[in-house]
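Chemist: All I have is the shape, not the residue letters:
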Ligand SMILES: [Zn+2]
């Protein structure tokens, strides 16, 4: 399962940064997950239950921050959220738009002590 690997690396990264701050326990682990990653939040929660045991995050809460997909249109100099998953600017119809958000998959923040 894809989500287990994601959670394993997130927990490892969280532990590293908690240790670097001199903490011994992770209370809250916030993950930023982009809409285009294809990751299923429920599967992440489930994977977290399994992966966290024996780690500094053993009694931590997982919070998932969803990031919607957004694009940048160079023609309009504006960011837009596609109404559906289209890669076309709704204002000017330009197709060579740039993906700005939606592929995030990272630890957003931690609560540690
Ligand atoms: Zn445009």
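Modeler: Okay, I see it. Just so we're clear, the structure is a prediction, and the values are computed from it rather than from any experiment.

Chemist: How about the residues of the protein by the ion?
Modeler: Residues of the chain lying close to the ion (CB under 5 Å from the ion) are 73, 75-76, 89, 91-92, 94. Quick note: C-beta positions are derived from backbone N, CA and C, even for glycine.

Chemist: do that again at 8 Å, thanks
Modeler: Residues of the chain found near the ion (CB under 8 Å from the ion) are 73-76, 78, 80, 89-94, 97.

Chemist: residue at max distance from the center of the protein?
Modeler: Distance to the chain centre peaks in the chain at residue 92, reaching 30.2 Å (criterion: CA atoms, centre = their mean).

Chemist: Need the nearest residue in space to that one, chain neighbours excluded.
Modeler: Excluding its sequence neighbours, the residue lying closest to residue 92 (CB to CB, 6 or more residues apart in numbering) is residue 75, at 4.9 Å.

Chemist: can you pull the contacts of the one you found?
Modeler: Taking CB atoms under 8 Å, 6 or more residues apart in numbering, we find residue 75 in contact with 89, 92, 94.

Chemist: Pipe those into TSV and attach pLDDT per row.
Modeler: TSV is the format used below for the contacts of residue 75 (pLDDT from 0 to 100):
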residue	pLDDT
89	94
92	96
94	94
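
Chemist: how about low-confidence regions in this protein?
Modeler: For the chain, the stretches flagged by pLDDT under 70 are 1, 85.

Chemist: Can you give me the distance of the residue farthest from the centre of the chain to residue 16?
Modeler: Residue 92 sits 45 Å away from residue 16, going by CB to CB, to the nearest Å.

Chemist: on that earlier part again, make a markdown table out of the residues of the chain next to the ion and add distance to residue 113 and secondary structure.
Modeler: Formatted as a markdown table, the residues of the chain next to the ion follow (distance: CB to CB, whole Å; DSSP: H, G, I helix; E, B strand; the rest coil):
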| residue | distance to residue 113 | secondary structure |
| --- | --- | --- |
| 73 | 44 | strand |
| 74 | 46 | coil |
| 75 | 49 | coil |
| 76 | 46 | coil |
| 78 | 42 | strand |
| 80 | 41 | strand |
| 89 | 46 | coil |
| 90 | 46 | coil |
| 91 | 48 | coil |
| 92 | 51 | coil |
| 93 | 52 | coil |
| 94 | 49 | coil |
| 97 | 44 | coil |
